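Student: I'll drop the sequence and a predicted model, then ask my questions.
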2 protein chains.
Amino acid sequence: MTVSKTAEKSSEKPADPAKGRKDAAEPQAEALQLGELSEQLGYVLKRAQLKVFENFLRCMASLQLTPAQFSVLLLVEKNPGRNQTEIASTLGILRPNFVAMLDNLESRDLCARIRSTNDRRSHILVLTDKGKAVLARAKKLVATKHEARLNDLLGQANREALIGMLSKIANEF
Amino acid sequence: MTVSKTAEKSSEKPADPAKGRKDAAEPQAEALQLGELSEQLGYVLKRAQLKVFENFLRCMASLQLTPAQFSVLLLVEKNPGRNQTEIASTLGILRPNFVAMLDNLESRDLCARIRSTNDRRSHILVLTDKGKAVLARAKKLVATKHEARLNDLLGQANREALIGMLSKIANEF
DNA sequence: CGATATTTGATATGGTCCATAACAATTATC
DNA sequence: GATAATTGTTATGGACCATATCAAATATCG
């Protein structure tokens, strides 16, 4: 009863005051003031990103795909025949860190490494049939349960504006 | 010459083809297609967040403040007299992980832990004079070099709309 | 009052992600 | 053909995050 298991921070007990302690010397003392923090771009961005990833993982629980894994599958599907270095660098993943990721996806038979005939150093990446099927299901889950949630929250126009602004920041900041 | 030192991913060498190898069998093969990835909320959010944090660190290089440290100073200034648990949980930091953070800030004489007289278990947090001064300078740097950059990029109205939407996501997603 | 439970700060520890160095195999360059 | 560069890989360390556990202090309740 100490804490729950995972991914549960606050919103447990507001430690409700006015319970009848010694006296009524401190009637207030409750929620903290965020102040300028709520206007800080980085703060709000990080918080939003954590929430979005959290929701993504919940939506993908049945397929056991992380955001990073999903992005790899998407990119390999869109660019079949590329090697590890190309896929990894496009996603901002360093080659050494990409190895374990691919080991995982390959062990689950979602994608495959194929030795290139042109350059026998490199591994060509392709999706397996299972990988394609899983990705198709993943896309539906993301569209239905994840991205749709944005429309409910912001509306179609705002959602597109948000994506556009974030892209601009990601590319030009 | 293997790679640069830090924070330099791609945009190094497109490995320009058409250089004259064996034959001219593969004339294309260049930039990868992002495809649906550029429309994925989580992907764009994460990319934007990384860029913003990167820029934040550059702006704060002279003060050696990370986004997390800045947020702690801001929150302690706005809510003096709160204890570690309150400050940490408000920022989504787990108490165990907050200890080292405070050790750092306290060793730099930016904030101080004071044993509470009401509850001798808890440590009241306050900013030192140096902490207040550093935070004041940090605020100016953030406003001048960091947040201002958003206005240049998006414009005042869009910047406010973006912050608003991100807050909404952070709170209601 | 006194026994038990809870809270607070702290330590230890493990997991994940990120970054660098270094290596063997292969290819490019000269 | 000798040297340099590239590709995938391993090893490794750091930063961040999460849980269990502890001692001190406090709260709760018989």
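Tutor: Cool, got the structure.
Student: is it true that A:Gly81 touches A:Ser122?
Tutor: No. The criterion here is Cβ atoms under 8 Å, and A:Gly81 misses it with A:Ser122 at 10.5 Å. The way it works is simple: take the backbone N, C-alpha and C, and place the C-beta from them, glycine included.
Student: The two: who's more crowded?
Tutor: Between A:Gly81 and A:Ser122, counting by other Cβ atoms under 10 Å in any protein chain shown, A:Ser122 is the more crowded of the two (16 against 12).
Student: Report pLDDT for the residue nearest to that one when sequence neighbours are not counted.
Tutor: The shortest distance from A:Ser122 to any non-neighbouring residue, by Cβ to Cβ, 6 or more residues apart in numbering or on different chains, is to A:Asn83 (3.9 Å). At A:Asn83, the model reports a pLDDT of 98.
Student: for the one 10 residues further on, same thing?
Tutor: Looking at A:Ile93, its pLDDT is 98.
Student: cool, A:Glu30 as well?
Tutor: In this prediction, A:Glu30 has a pLDDT value of 73.
Student: That one belongs to a helix, doesn't it?
Tutor: No. Assigned with DSSP: H, G, I helix; E, B strand; the rest coil, A:Glu30 falls outside any helix and is coil.
Student: can you tell me how far it sits from B:Gly92?
Tutor: Here the criterion is Cβ to Cβ, to the nearest Å. By it, A:Glu30 lies 18 Å from B:Gly92.
Student: neighbour count winner among those two?
Tutor: Neighbour tally, A:Glu30 and B:Gly92, criterion other Cβ under 10 Å: the higher count belongs to B:Gly92, 13 against 9.
Student: and the more buried one, backbone torsions?
Tutor: phi 80, psi 20 (degrees, to the nearest 10).
Student: swap in A:Arg113?
Tutor: A:Arg113 adopts backbone torsions of phi -100, psi 130, taken as degrees, to the nearest 10.
Student: who does the closest residue to it other than its chain neighbours bridge with?
Tutor: Spatial nearest neighbour of A:Arg113, excluding adjacent residues (Cβ to Cβ, 6+ apart): A:His123 at 4.0 Å. As for beta bridges, A:His123 partners with A:Arg115 under DSSP bridges.
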